[in-house]
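# next one to model:
(chains A and B)
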Amino acid sequence: MSVEEQIRDIVSRIAHVDKSIVTRESTFKDMKADSLDVVQALVAVEEAFDIEIPDEEAQKFQNFGDFVSYVESRAAKKDEA
Amino acid sequence: MAQDRKVRVAVDAMGGDYAPEEIVKGAVLAGQKGDVEIVLVGQVDAMEEELAKHDSSGLPIRLAEATEVIREGEPPASAVRRKPNSSIVVATKLVKSGEADAMISAGPSGAVAVSAVQHLGMIEGMERPAIGGGFGSFAPGILLMDLGANVDCKPYQLVAFAIAGSVYARKLLGVPNPTVGLLSTGAEEGKGNELVREGYHLLEDSGVNFIGNIEGSDILTGKANVIVLDGFVGNVLLKFYESIGDYALGWMRHKLKRYPLLGWMAKLVFDKALPITKLSYEGEEEGSGILWGVNGIVRVAHGACRASHIAHGIAGAKKAVEADIIGALKPELERFKKEGKL
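Numbering: from 1, shown residues only, chains lettered A, B, ... in the order given. Reported below is the predicted structural model:
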């Protein structure tokens, strides 16, 4: 399963929305997710990929695509190390 | 909990409108009972200054440093992540590491909830935390859930509240087979808004001891032990209830102004026999409630709470640890989840 699919699974489960709604352009607001959902999603992704997402970075995410791109780059760096 | 020591409660000394003064004073009051260990979490200078105002020598109170404070109005999710050394986060981490068995904070409740979810995680089957609470001896054996942690609820959450509420009633209120009612605008099925109507069917099929809808007039009568409602309604109801005692007393004083003798008798009755102004502020539920669903014991206190509330909250946290509410809730949620009811 790709990084994007894994994150989509996590986000759709936490926000209780169908995966088809979670596109790269979707925002948490589109998914009617609140701040607690966002925290839960961040923590779940951090655990799934064994990375830490600093708040300064998380605040830059404009949509699901930004979130995925950030995690993909972190996961790739981790594989290289 | 470690078996070889007393229950240990982490107390956020920096959270609340009257922190650290009233919080430290509350910790001293609780410490004087001698049946609980307290870890005051916050800025050491400020805590030491407050402790020096009391005779705290020999009390089971120690300090843990937290250099930052999360203030009311800060966005909770970002504040918790940006301030890892805040008193709320440090207290939560003490629970996570097992250095404390429970925590209490009168800081911003959103930040307490976010910190608990982030650091302790949720118990499987309960995806959102909920606050439960009751009315003490005024209406014993009754509790409401949620009292404000979730302003917008989804129907499946009502089932989780019912399960957690049933555990609460059994373990902390001593009700062996608690009944569950859903607060609505009418007793008949089909009454209420969309959330309630959908929640009704889920609760009916869930396997909890569901007795159907109950109305506002049934809340205090004991028709249901566990009253399930969304956090928006719960919070409004709680604050309304808490205002009744003081308001009623003022109203009576005004009405009896022309009858001094009756006024004096009423004062005597309501001061001594029926302390109506205290009807919503008594016992271990006074001023704070348990955040149910997170994987650790967390009590959320009113921002405006005073020393006695904190002392009662610490006693309530101790009781929750001793009743092993987390150990009781986990298998219940697991069972309902396995049966596909959650």
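
# just how off-centre is the worst-scoring helix or strand of chain A on mean pLDDT within its chain?
Ranked by mean pLDDT, DSSP states H and E, the weakest helix or strand in chain A is helix A:55-58, scoring a mean of 85. Centre-to-centre, helix A:55-58 and its host chain are 12 Å apart (C-alpha atoms, centre = their mean, to the nearest Å).

# likewise for stretch A:31-47?
Remark: stretch A:31-47 is offset 8 Å from the chain centroid, using C-alpha atoms, centre = their mean.

# in that stretch, what's buried?
Buried residues in stretch A:31-47, counting neighbours by 16 or more other C-beta atoms under 10 Å in any protein chain shown, are found at A:31, A:33-45. In this view, the C-beta of every residue, glycine as well, is placed from N, C-alpha and C.

# export the residues you listed to CSV and tack on distance to chain B and pLDDT?
Output for these, formatted as CSV (distance: C-beta to the nearest C-beta, whole Å; pLDDT from 0 to 100):
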residue, distance to chain B, pLDDT
A:31, 13, 89
A:33, 11, 86
A:34, 7, 82
A:35, 4, 81
A:36, 6, 85
A:37, 9, 88
A:38, 6, 89
A:39, 5, 88
A:40, 6, 89
A:41, 11, 92
A:42, 8, 92
A:43, 5, 89
A:44, 9, 91
A:45, 12, 94
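
# make TSV from those residues and add secondary structure and distance to residue B:250 to it.
Formatted as TSV, the buried residues of stretch A:31-47 follow (DSSP: H, G, I helix; E, B strand; the rest coil; distance: C-beta to C-beta, whole Å):
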residue	secondary structure	distance to residue B:250
A:31	coil	47
A:33	coil	44
A:34	coil	38
A:35	helix	39
A:36	helix	38
A:37	helix	43
A:38	helix	44
A:39	helix	42
A:40	helix	44
A:41	helix	48
A:42	helix	48
A:43	helix	47
A:44	helix	50
A:45	helix	53
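
# just checking, what packs against the helix or strand containing residue B:261?
Applying DSSP states H and E as the criterion places residue B:261 in helix B:260-268. Packed against helix B:260-268 by the contact rule (3 or more C-beta pairs under 8 Å, 6 or more residues apart in numbering or on different chains; DSSP states H and E) you find helix B:231-255.

# picking that back up, quick check: mean pLDDT across the helix holding residue B:261?
In this model, helix B:260-268 has a mean pLDDT of 83.

# who does whichever helix or strand comes after that helix touch, helix- and strand-wise?
Moving toward the C-terminus from helix B:260-268, the next helix or strand (DSSP H and E) is strand B:288-292. Helices and strands touching strand B:288-292, as assessed by 3+ C-beta pairs under 8 Å, 6+ apart, comprise helix B:109-120, strand B:130-134, helix B:155-172, strand B:297-301, helix B:307-322.

# the ones you listed: lowest mean pLDDT?
Across the helices and strands packed on strand B:288-292, strand B:130-134 gives the lowest mean pLDDT, at a mean of 88.

# just the CA trace of that strand, in CSV.
Listed next in CSV are the C-alpha coordinates belonging to strand B:130-134 (Å, rounded to 0.1, in the frame of the first residue of the first chain):
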residue,chain,number,x,y,z
ALA,B,130,-16.6,12.6,26.8
ILE,B,131,-17.2,14.3,30.1
GLY,B,132,-19.6,12.6,32.5
GLY,B,133,-21.1,13.9,35.7
GLY,B,134,-24.0,13.8,38.0
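
# contacts for the top helix by length along chain A next, please.
When chain A is parsed with DSSP state H, its longest helix is helix A:64-80. With C-beta atoms under 8 Å, 6 or more residues apart in numbering or on different chains as the test, helix A:64-80 has contacts from A:3-4, A:7-8, A:11, A:22-27, A:45, A:49-51, A:53, A:57, A:60-61.
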